[in-house]
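Colleague: Sequence and predicted structure are below.
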Amino acid sequence: MMNKLVRKLFDAEARKTAERFSDRDRANNVADETYHIAETYDCSETICAVVFQKQPSEQRALYVMKWINAGKRVQGVGDRSWVVGWFPNYADFMGLRLAEQFLIDVEMQNTKSKATT
């Protein structure tokens, strides 16, 4: 289940991204498209996906966000976490699948090394 603070950060980032990409003066926005949040999906505790609906083209675009937790400030005021987001392509997902396999291999090696000690 996603933390309420993380959900607020994702919502704010999605709105900010929609505003930024809806800017008429944005480079390559020759069709004067505007972006509107159509759907959001909580993929995990730290990953969220947003589907933007573009107007007037009616095309949709997937935007993925990752929450990075940097912990609390030394003074105990506020939170240093932030959100990174991007419009992924198929190459990104292929790379992530490969990274997932590396993670599995590393965890298997860690499990074996604990069993032998």
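Modeller: That came in fine, so what should we check first? Numbering: from 1, shown residues only.
Colleague: Trp82 and Thr17, how far apart?
Modeller: 14 Å (C-beta to C-beta, to the nearest Å). Bear in mind the C-beta positions are built from the backbone N, C-alpha and C, glycine included.
Colleague: who's more crowded, the two?
Modeller: Of the pair Trp82 and Thr17, Thr17 is the one with more neighbours under other C-beta atoms under 10 Å, namely 21 against 12.
Colleague: The more buried one should be in a helix, yeah?
Modeller: Yes - residue state for Thr17 (DSSP: H, G, I helix; E, B strand; the rest coil) corresponds to a helix.
Colleague: For it, which residues are in contact?
Modeller: Neighbouring residues of Thr17 by C-beta atoms under 8 Å, 6 or more residues apart in numbering: 35, 50, 52, 63, 85.
Colleague: For the third one, what is the enclosing helix or strand?
Modeller: To tie it back to what came earlier, the one meant is Phe52. strand 47-55 (DSSP states H and E).
Colleague: contacts for that strand?
Modeller: 2, 10, 14, 17-18, 21, 33-43, 59-67.
Colleague: can we see that at 10 Å?
Modeller: 2, 6-7, 9-11, 13-15, 17-18, 21-22, 31-43, 59-67, 83, 85, 87-88 (C-beta atoms under 10 Å, 6 or more residues apart in numbering).
Colleague: helices and strands around the lengthiest helix in the chain, which ones?
Modeller: For the chain, the longest helix by residue count, based on DSSP state H, is helix 90-116. Applying 3 or more C-beta pairs under 10 Å, 6 or more residues apart in numbering; DSSP states H and E, one finds that helix 90-116 makes contact with strand 60-68.
Colleague: what helices or strands is the strand it packs on leaning on?
Modeller: Taking 3+ C-beta pairs under 10 Å, 6+ apart as the contact cut, strand 60-68 packs with helix 4-21, strand 34-42, strand 47-55, strand 82-86, helix 90-116.
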